[in-house]
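K.L.:
All I have is the shape, not the residue letters:
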């Protein structure tokens, strides 16, 4: 079993590598980098979604799937559980992590706020990919008010 | 991912970046004392570092009489355990270059220059996966941090 710190370093390097080729990207270039990271996360999320829930094959409802993401997926990927999950019961969920491990080494507070999206794109994809494997189409976005806390918003697309 | 060739990530370079940071984490968490030879260093990479981070212990062989060329032999390569099929046109050397880069970056941070390459690859039909480490110049007399 690989040590957790390896993934943190790898993720850091992935972001650096993908964003390094365009030292001054316009909004288009920046978005391409983010969508590449997001799609990498998506593929990892799909694979993780297949490997993890062997013990719990039947999710009774959508909320159970989201709870699974908050507990088991987060535990497998980040060695901790999500701190809070809120929903409007109409297909929108907000997952709040007070101390997100990929942001933790960066700063605490408002410094580097504009850099934060690069470090969240992969994880948005991870969530979207896991949901996809479990049969749910979604749009996942992330927002940061102050590092290292962040919120992931999951909006379920109706079938 | 289809992107132009010049934008494909250089796995060795990414590994190098990881290695330069990983070595600090390793020195902080392990109890290694001062090393007196290249073969001691290679043993520590195989028996302590690989074990700590990847849970495997490659075996070490020395390849020349001047004792600066070594091989790490891996029975199984943890990076490709999860690769179900190689994407068309790519070789597993891409993924495994990551490991070589990590080792090279880590060694450079403790003032040791080395060439680290993949010599054999199980996924390509060789019997084992083999990483070669060639230490390049005279080792400077630097002490490693001791853990109290």
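P.N.:
Alright, I've got the coordinates. Values in this document were obtained by computation on a predicted structure and should not be read as measured data.
K.L.:
can you list contacts of the helix or strand of chain B with the lowest mean pLDDT?
P.N.:
Across the helices and strands of chain B, mean confidence by mean pLDDT, DSSP states H and E is lowest for helix B:92-109: a mean of 84. Judged by C-beta atoms under 8 Å, 6 or more residues apart in numbering or on different chains, the contacts made with helix B:92-109 from elsewhere in the structure are B:10-20, B:22-24, B:26, B:41, B:45, B:49, B:77, B:79-80, B:83, B:86, B:113-118, B:121, B:123-124, B:129, B:131, B:133. The way it works is simple: take the backbone N, C-alpha and C, and place the C-beta from them, glycine included.
K.L.:
Counting neighbours, which bits of that helix end up buried?
P.N.:
Residues B:92, B:95-107, B:109 are the ones in helix B:92-109 that count as buried (16 or more other C-beta atoms under 10 Å in any protein chain shown).
K.L.:
And for stretch B:32-39?
P.N.:
Here stretch B:32-39 shows B:32, B:35, B:38 as buried, counting by 16+ other C-beta under 10 Å.
K.L.:
any idea of the mean pLDDT in stretch B:128-145?
P.N.:
Stretch B:128-145 shows an average pLDDT of 72 in the prediction.
K.L.:
Could you do stretch A:135-142 as well?
P.N.:
For stretch A:135-142, mean pLDDT rounds to 93.
K.L.:
and residue A:141, what is it in contact with?
P.N.:
Taking C-beta under 8 Å, 6+ apart, one finds A:124, A:152, A:153 in contact with residue A:141.
K.L.:
What is the three-state secondary structure of it?
P.N.:
strand (DSSP: H, G, I helix; E, B strand; the rest coil).
K.L.:
now the helix or strand harbouring residue A:17 and helix B:92-109, what's the angle there?
P.N.:
Mapping residue A:17 onto the secondary structure by DSSP states H and E places it in helix A:4-20. Here helix A:4-20 runs at an angle of 100 degrees relative to helix B:92-109 (axes from the mean of the first three to the mean of the last three C-alpha atoms, to 10 degrees).
K.L.:
So what's the gap between the helix or strand following helix A:4-20 and the chain middle?
P.N.:
Counting by DSSP H and E, the element after helix A:4-20 in chain order, helix or strand, is helix A:27-51. When distances are taken as C-alpha atoms, centre = their mean, to the nearest Å, helix A:27-51 is centred 9 Å away from the chain's centroid.
K.L.:
If you count neighbours, what's buried in the very next helix or strand once past helix A:27-51?
P.N.:
Next along the chain after helix A:27-51, taking DSSP H and E as the criterion, comes helix A:62-68. Residues of helix A:62-68 classed as buried by neighbour count (16+ other C-beta under 10 Å): A:62, A:65, A:66, A:67, A:68.
K.L.:
do the same with stretch A:5-23
P.N.:
For stretch A:5-23, by 16+ other C-beta under 10 Å, it's A:5-15, A:17-19.
K.L.:
Leaving out sequence neighbours, find the closest residue to the residue most central in space within chain A.
P.N.:
Central residue check for chain A by C-alpha atoms, centre = their mean: the C-alpha nearest the mean position is that of residue A:123, 2.3 Å away. Closest residue to residue A:123 apart from its sequence neighbours, by C-beta to C-beta, 6 or more residues apart in numbering or on different chains: residue A:41 at 6.0 Å.
K.L.:
Kindly tell me how buried that neighbour is, as a neighbour count.
P.N.:
Other residues lying near residue A:41 total 24 when counted by other C-beta atoms under 10 Å in any protein chain shown.
K.L.:
Show me the contacts of residue A:141 that map onto strands.
P.N.:
Counting by DSSP state E, the contacts of residue A:141 place A:152, A:153 in strands.
K.L.:
Can I get the contacts of residue A:141 in TSV including distance to chain B, neighbour count and pLDDT?
P.N.:
Listed next are the contacts of residue A:141 as TSV, based on distance: C-beta to the nearest C-beta, whole Å; neighbours: other C-beta atoms under 10 Å in any protein chain shown; pLDDT from 0 to 100:
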residue	distance to chain B	neighbour count	pLDDT
A:124	17	24	96
A:152	23	24	95
A:153	25	17	96
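K.L.:
For residue B:54, state which of the contacts of residue A:141 is nearest.
P.N.:
The shortest approach to residue B:54 among the contacts of residue A:141 belongs to residue A:124, at 27.5 Å (C-beta to C-beta).
K.L.:
Quick one: residues contacting the nearest residue to the closest one once chain neighbours are set aside.
P.N.:
Computed as C-beta to C-beta, 6+ apart, the closest residue to residue A:124 that is not its neighbour in sequence is residue A:140, at 4.4 Å. Taking C-beta under 8 Å, 6+ apart, we find residue A:140 in contact with A:124, A:125, A:127, A:128, A:131, A:152, A:153, A:154, A:155.
K.L.:
Thanks a lot, catch you later.
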